[in-house]
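Undergrad: Could you look at this predicted model? Sequence included:
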Amino acid sequence: MAAPSQATNNCLSAKNLLQVMQVPDHEFDYFLKLENDFPNPAYKERAFQLELSLVDKEGKYVHLEESLIFKALLYSAETSPKLVEMNTIGDKIIRGTVEVEGRGKIVFRKLVVKEVSSHFRGGVFYFVICPEGNYKVKPFILPNFTVKARKANKDPTPCKKPKQE
């Protein structure tokens, strides 16, 4: 019998991620909609911005009466995902604006991932934006989030300056 593919494993663990996050399995009133391009792959130690909006079940923009706190989190891409808080040398894996307060538009102005995803099992993460203590808003989950060391040079010629004699 053939082993399940990586995509199948990611699919299975994506279903389990809400249970791991201890979010009750029920109908959500609100959802987080991505408003800008998400950098995938992202690059280690390079800041990126993330904008999301709250929408209802019909996709209409919503402005809540009370502000909620939203957190940016990384989970491992395993059959039973685990919260990844530290990189391989023990520093916090995400820095910058990791916690944002909002009612309708949520903007993480500066997020920086401090480790490449290949150092973790599966080679990818789940990138999650989760409302703190509110189960009416479904967390935003992006599977197969990759973080690379540096951007590949598209020009194959070397970048060194010629020696002056």
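TA: Cool, the structure landed. Numbering: from 1, shown residues only.

Undergrad: What residues sit buried inside stretch 93-107?
TA: Residues 93-94, 97-98, 100, 102, 106 are the ones in stretch 93-107 that count as buried (16 or more other Cβ atoms under 10 Å). Backbone N, C-alpha and C define where each C-beta goes, glycine included.

Undergrad: Pick the one among these closest to Pro39.
TA: The nearest member of those to Pro39, counting by Cβ to Cβ, is Ile94 at 13.6 Å.

Undergrad: Leu74 is in contact with the closest one, correct?
TA: Yes. Counting by Cβ atoms under 8 Å, Ile94 touches Leu74, with 6.4 Å between them.

Undergrad: Can you pull the residues that touch both of these two?
TA: Val113 (Cβ atoms under 8 Å, 6 or more residues apart in numbering).

Undergrad: neighbours around the spatially closest residue to Glu99 that is not a sequence neighbour, how many?
TA: Closest residue to Glu99 apart from its sequence neighbours, by Cβ to Cβ, 6 or more residues apart in numbering: Lys71 at 5.3 Å. By other Cβ atoms under 10 Å, the residues close to Lys71 number 15.

Undergrad: again with Gly90
TA: Residues lying near Gly90 (other Cβ under 10 Å) number 6.

Undergrad: what kind of secondary structure is it in?
TA: coil (DSSP: H, G, I helix; E, B strand; the rest coil).

Undergrad: center of this protein - which residue?
TA: Central residue of the chain (Cα atoms, centre = their mean): Phe127, 2.0 Å from the mean position.

Undergrad: May I have the phi/psi pair for it?
TA: phi -100, psi 120 (degrees, to the nearest 10).

Undergrad: Enumerate every residue touching it.
TA: 38, 72-74, 141-142, 145.

Undergrad: If you rank those residues by neighbours, which is first?
TA: Most surrounded of the contacts of Phe127: other Cβ under 10 Å gives Leu74, at 23 neighbours.
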